[in-house]
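K.L.:
Got a predicted structure plus its sequence, pasted below:
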Amino acid sequence: MSFKVLQPGLLSSIQDLGRFGQHDIGLTTGGPLDNEAFLWANRILHNAPNACAIELSFGGLQLLAQTQSYLCVTGATLDLTINGVAKALWTSHKIWPDDDIKLGYSSHGCRSYISVAGGFDITPSFGSSATVVREKVGGLTGAKLAANDCLACASIAQLPRQALAQEHRPVYGQQNSGSHDGDTVLRILPGYQHHLFDTATQTRFFHAQYTLTDRSDRMGMRLEGPAVACASQNMLSEGICLGAVQVPADGQPIVLLKDRQTIGGYPKIGAVLARDTACLAQLRPGDTLRFEAVDLYQAHTINTLSQLKFDHTPLLHLKD
Amino acid sequence: MSANQTHIAIASENSYIVYFSDPDSVQISSEVSAAIANACAQIKLHFGTKLIDLVASYASLLVIYDPNQCDHLWAKAALKVILDTPQKVSQNSGQLVEIPVFYSTEYGPELNLLAQNAGLSVEQVIDIHSATEYRVYAIGFAPGFAYLGEVDERLAAPRLATPRLKVPAGAVAIADRQTAVYPASSPGGWNLIGLCPTPMFNAQAQPHMPVSVGDRVRFMPIDEQQYLTLGGLLHEL
């Protein structure tokens, strides 16, 4: 009862919601870069929110089914075919043994989530199956997926099929413009050492356009734009949260993501909301963005409303 | 120090960072570290399932809470109550852990350099490094990497200008006034002075690490034979 990896694509890894309560031994969280797309993949298949799925960056994955199941692909726009027949994303599909499942390369967004009914059955380490390659923890062997990996799962013969209607699917990349000029807007909560950045520097930061560079990975996204260095560079290492924006001496911000180090010694101007780190993770090198300051009350409202929206968005029920 | 010198700052939508000394100061103190260890225990107790994770470091504590179980107002109020409650903090809290070290100029190529810099013999450097009682100030950088301080001023040395591509697991090293044992083979720029046979991180064992933040560490010099007997491995650098 499994799916066999024929082609792993550019970067595929097993993820669940992440590894929590292990920072005291230096382990980071891992987990999906885009939580929302991950959660939809599981919800469409009636899975528990934390069921293991594959995170695929930029596409190129090919799987061979070795069991009956159902499969759903969410996230970045790419071509999905089963035995050469084009299939819809954000939709549950019946899978038979020997089905050949192919994902092309993404045209909008860059992270895709592939879940199966019941989730992949991966032995957790430190309470989670989330893969963090740098720590050699999670997944099958602590590494990204490779050809011939076998991902165990249950055999599921019958499951009501569901899909997320087009109008509820997220739009990724520069089409998702929160601003008039097409830049993606990342909402950020000023915090940490923000007071050490002088007023002119803060003003520059909140008015500047930044470009996502290709020196970006699951640890962090390096941006390029007006320098916003902070005068004080000499600080004690301290805990780093998801979305923290650290600014090294060169003044170019780095937004830290799920595979970040748990502690570090660069000044931080604040933290991007987790929802918006997901939008950031769907951008491609060369895409442009801006930061917009929010306060804790706004952040709370944004999160509560988006949780309500997720919980109450109805799924389409499909015939078999 | 008294708890009311703490300062709570926003870190993210679901985390606060508590500074236990002036955030702009880079002084390390075992008193502050003991206060942080104490606060960790209190926060775990008061937050219960509302706590997602804690990151203790030299002078700060990152508190990550579950925003589906409490909001920022509750979290900040709870932190204030905990921090404003006077704590009896003993400077020597934390268990004392003895860690064996095979000091070697062959496997610790900077041992000679540190001795030369300090105008001391290699034996004196070993004596000083192993006579000091260190505190575990932080764990991070990599799984099982414990930052220990403070190294005697005479042995303090800046990181290598060009970090090594590969430092072996168990390497004992110094950077500035910190010392550490590399838990796994990794790139690294610290000054190597010896090898430790005790695994600093073991995914299969409980606990996974021999030390926690707030513990005290003393290094015990051993010879090559003892190092091998204790399961140490020798790799060419």
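P.N.:
Sure, I can see it. Numbers count the residues shown, from 1 in each chain, chains lettered A, B, ... in the order given.
K.L.:
residue contacts, the closest residue to B:Tyr65 other than its chain neighbours?
P.N.:
With sequence-adjacent residues excluded and distances taken as CB to CB, 6 or more residues apart in numbering or on different chains, B:Tyr65 is closest to B:Ala75, at 4.7 Å. For the C-beta atoms, the positions are set from N, CA and C on the backbone; glycine is no exception. B:Ala75 makes contacts with B:16, B:47, B:50, B:63, B:65, as judged by CB atoms under 8 Å, 6 or more residues apart in numbering or on different chains.
K.L.:
need the helices for the stretch 201-320 of chain A, in chain order.
P.N.:
A:274-281, A:296-312 (DSSP state H, counting those that start in this stretch).
K.L.:
So for the longest one, mean pLDDT?
P.N.:
Looking at helix A:296-312 alone, the average pLDDT works out to 96.
K.L.:
so what does it touch, helix or strand wise?
P.N.:
If you count contacts as 3 or more CB pairs under 8 Å, 6 or more residues apart in numbering or on different chains; DSSP states H and E, helix A:296-312 packs onto helix A:35-44, strand A:184-190, helix A:274-281, helix B:72-84.
K.L.:
Please repeat the previous calculation with a cut-off of 7 Å.
P.N.:
helix A:274-281 (3 or more CB pairs under 7 Å, 6 or more residues apart in numbering or on different chains; DSSP states H and E).
K.L.:
which residues are contacting the helix it packs on?
P.N.:
A:33-36, A:111, A:176, A:184, A:186-187, A:221, A:242-243, A:255, A:257, A:272, A:302-303, A:306, B:13 (CB atoms under 7 Å, 6 or more residues apart in numbering or on different chains).
K.L.:
Buried subset of those as a ChimeraX selection?
P.N.:
The ChimeraX selection below is limited to those of these classed as buried (16 or more other CB atoms under 10 Å in any protein chain shown):
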select /A:33,34,35,36,111,176,184,186,187,221,242,243,255,257,272,302,303 /B:13
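K.L.:
isn't A:Arg204 right up against A:Gly225?
P.N.:
No: A:Arg204 is not in contact with A:Gly225 according to CB atoms under 7 Å; the separation is 9.2 Å.
K.L.:
What are the boundaries of the strands in the stretch 1-150 of chain A?
P.N.:
A:2-8, A:11-15, A:53-57, A:61-65, A:69-77, A:80-82, A:85-87, A:93-95, A:100-103, A:108-116, A:150-152 (DSSP state E, counting those that start in this stretch).
K.L.:
Report the inter-axis angle for the fifth one versus helix A:35-44.
P.N.:
Relative orientation of strand A:69-77 with respect to helix A:35-44: 160 degrees, computed using axes from the mean of the first three to the mean of the last three CA atoms, to 10 degrees.
K.L.:
hey, C-alpha coordinates of strand A:69-77 in CSV?
P.N.:
C-alpha atoms of strand A:69-77 as CSV (Å, rounded to 0.1, in the frame of the first residue of the first chain):
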residue,chain,number,x,y,z
SER,A,69,-6.7,5.7,-2.9
TYR,A,70,-7.8,9.3,-3.6
LEU,A,71,-5.4,12.1,-4.3
CYS,A,72,-5.6,15.9,-4.3
VAL,A,73,-3.1,18.5,-5.5
THR,A,74,-3.4,22.1,-4.2
GLY,A,75,-1.2,25.2,-4.3
ALA,A,76,0.8,26.4,-7.4
THR,A,77,-0.8,26.2,-10.8
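K.L.:
now the angle from it to strand A:53-57?
P.N.:
30 degrees.
K.L.:
What strands line up against strand A:69-77, and which way round?
P.N.:
Strand pairing for strand A:69-77, determined by DSSP bridges: strand A:93-95 (antiparallel), strand A:108-116 (antiparallel).
K.L.:
any idea which of those strands is most buried?
P.N.:
strand A:108-116 (a mean of 25; mean count of other CB atoms under 10 Å in any protein chain shown).
K.L.:
B:Leu73 and chain A, how far apart?
P.N.:
8 Å (CB to the nearest CB, to the nearest Å).
K.L.:
what's the neighbour count on that residue?
P.N.:
11 (other CB atoms under 10 Å in any protein chain shown).
K.L.:
ditto for A:Ala147
P.N.:
10.
K.L.:
So which residue is dead centre in chain B?
P.N.:
B:Tyr147 (2.6 Å; CA atoms, centre = their mean).
K.L.:
helices or strands next to the helix or strand hosting it in the packing?
P.N.:
In the assignment (DSSP states H and E), B:Tyr147 maps to strand B:146-149. The contact analysis (3+ CB pairs under 7 Å, 6+ apart) places strand B:146-149 against strand B:134-139, strand B:178-181.
K.L.:
Chain A: which of the ones you listed is closest?
P.N.:
Chain A lies closest to strand B:134-139 among those, at 4.8 Å (CB to the nearest CB).
K.L.:
Each with direction, which strands does the closest one pair with?
P.N.:
strand B:146-149 (antiparallel), strand B:216-221 (antiparallel).
K.L.:
Pick the most deeply packed of those strands.
P.N.:
By mean count of other CB under 10 Å, those have strand B:146-149 as the most buried, with a mean of 24.
K.L.:
Can you report how many residues neighbour the residue nearest to A:Trp96 when sequence neighbours are not counted?
P.N.:
What sits nearest to A:Trp96 in space, not counting adjacent residues and going by CB to CB, 6+ apart, is A:Gln68, at 6.0 Å. Around A:Gln68 there are 18 other residues, counting by other CB under 10 Å.
K.L.:
A:Gln68 and A:Leu103: what is the separation?
P.N.:
As judged by CB to CB, to the nearest Å, A:Gln68 and A:Leu103 stand 20 Å apart.
K.L.:
in chain B, which spans are helices?
P.N.:
For chain B, the helices defined by DSSP state H cover B:30-47, B:72-84, B:111-118, B:122-131, B:224-229.
K.L.:
So which of those is the most surrounded?
P.N.:
Sort the helices of chain B by mean neighbour count, taking mean count of other CB under 10 Å, and helix B:30-47 sits at the top with a mean of 19.
K.L.:
Run the chain-centre distance for that one.
P.N.:
In terms of CA atoms, centre = their mean, to the nearest Å, the centre of helix B:30-47 is found 15 Å from the chain centre.
K.L.:
just stretch A:231-238 next, same as before
P.N.:
Distance, centroid of stretch A:231-238 to centroid of chain: 29 Å (CA atoms, centre = their mean).
K.L.:
hmm, that stretch in reach of chain B?
P.N.:
Yes: Stretch A:231-238 lies within reach of chain B by CB under 7 Å from any CB of the partner chain, at A:232, A:234-238.
K.L.:
Show only the entries of those found in strands.
P.N.:
A:Glu238 (DSSP state E).
K.L.:
Give the bridge partners for A:Lys87, please.
P.N.:
A:Leu80.
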